[in-house]
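Asks: Have a look; sequence and predicted model below, questions after that.
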Amino acid sequence: GESVGLHLPTLSVQEGDNSIINCAYSNSASDYFIWYKQESGKGPQFIIDIRSNMDKRQGQRVTVLLNKTVKHLSLQIAATQPGDSAVYFCAENRRAQKLVFGQGTRLTINP
Amino acid sequence: DSGVTQTPKHLITATGQRVTLRCSPRSGDLSVYWYQQSLDQGLQFLIQYYNGEERAKGNILERFSAQQFPDLHSELNLSSLELGDSALYFCASSVGLGAQTNEKLFFGSGTQLSVL
């Protein structure tokens, strides 16, 4: 069944600190993973993606790590800002199947 | 702005009624996807169309149907509405086949459906 999950439903961090959002998946055939950010009242917005032949990919202030051995994905946000407050979804792209989303983690930034 | 346009933004209707949600994909995108997001729920895939043809089906109820027109815009029809159908409905688009080719999806801002 669909089993992309998140370890924590909520995460609170201090402004300026680094945030780490985790995601577990169970389908070893998955070959592409995406992180989306959803702000209140908006649709999911693409943040960063990673293919299964990589274990790390960096963007602007964000890094995605993929550990295929334990089927774990994480999103690291450096120097978290108030504008980073949102729900973050990991999504698993199984070849020839639909994109499967996790439940989401709500990131709250404390001033 | 993702380039995906959804109308209307808000829709309030009564049980038993029928509504139509509309989506215009990004320019050049051939695939359109419909997702449902309920309170405290993740995004549930409903259906995908590619260049006018149904490509993949998810947890879409028989009371719901969709189509993609020659100009590539799509409509999601929801009929015999129930209270539990109240949710955010998102449309997304991609250049090609999406999951089959490891493509990212671009989402619209959604239609908030309230069934009273």
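Replies: Arrived safely, thanks for sending. Numbers count the residues shown, from 1 in each chain, chains lettered A, B, ... in the order given.
Asks: Who are the contact partners of residue 9?
Replies: I went with chain A, as the question did not name one. Residues near residue A:9 by CB atoms under 8 Å, 6 or more residues apart in numbering or on different chains: A:103, A:104, A:105, A:106. Using the backbone N, CA and C atoms, a C-beta is placed for each residue, glycine as well.
Asks: I was thinking of chain B, sorry if that wasn't clear
Replies: Residues in contact with residue B:9 (CB under 8 Å, 6+ apart) are B:109, B:110, B:111, B:112.
Asks: Quickly list what the last one is bridged to.
Replies: If I follow you right, that is residue B:112. Counting by DSSP bridges, residue B:112 forms beta bridges with residue B:10, residue B:88.
Asks: residues contacting the closest residue to residue B:67 other than its chain neighbours?
Replies: Distances taken as CB to CB, 6 or more residues apart in numbering or on different chains place residue B:75 nearest to residue B:67, at 6.0 Å, with adjacent residues excluded. Listed by CB under 8 Å, 6+ apart, the contact partners of residue B:75 are B:20, B:21, B:22, B:23, B:66, B:67, B:69.
Asks: where's residue B:33, which helix or strand?
Replies: According to DSSP states H and E, residue B:33 maps onto strand B:31-37.
Asks: For the contacts of residue B:9, which single residue is the most surrounded?
Replies: Highest neighbour count within those: residue B:110, with 24 neighbours (other CB atoms under 10 Å in any protein chain shown).
Asks: ok, now how distant is that residue from chain A?
Replies: Counting by CB to the nearest CB, to the nearest Å, the gap from residue B:110 to chain A is 5 Å.
Asks: Likewise for residue B:87?
Replies: Counting by CB to the nearest CB, the gap from residue B:87 to chain A is 13 Å.
Asks: And residue B:55, by the same measure?
Replies: 9 Å.
Asks: In contact with the closest residue to that residue other than its chain neighbours, which residues?
Replies: If the residues on either side of it in the chain are set aside, residue B:55 comes closest to residue B:48, at 4.5 Å by CB to CB, 6+ apart. For residue B:48, the contact set (CB under 8 Å, 6+ apart) comprises A:98, B:31, B:32, B:33, B:34, B:54, B:55, B:56, B:57, B:98.
Asks: Can you read off the pLDDT for residue 80?
Replies: The chain I'm using is chain A. If you check residue A:80, the pLDDT there is 96.
Asks: Let me rephrase: I mean chain B.
Replies: 97.
Asks: tell me the secondary structure for it?
Replies: Under DSSP: H, G, I helix; E, B strand; the rest coil, residue B:80 falls in the coil class.
Asks: Assess the claim that it and residue B:16 are in contact.
Replies: Yes: with contact defined as CB atoms under 8 Å, residue B:80 reaches residue B:16; the gap is 6.1 Å.
Asks: Show me which of those two is the more surrounded one.
Replies: Higher neighbour count among residue B:80 and residue B:16: residue B:80, with 13 against 10, using other CB under 10 Å.
Asks: Contacts only, for that one.
Replies: B:16, B:18, B:63.
Asks: Keep only those of the residues you listed that are in strands.
Replies: Among the contacts of residue B:80, DSSP state E puts none in strands.
Asks: Turn the residues you listed into a markdown table, columns for pLDDT and distance to residue B:6.
Replies: Output for those, formatted as a markdown table (pLDDT from 0 to 100; distance: CB to CB, whole Å):
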| residue | pLDDT | distance to residue B:6 |
| --- | --- | --- |
| B:16 | 97 | 24 |
| B:18 | 98 | 18 |
| B:63 | 97 | 20 |
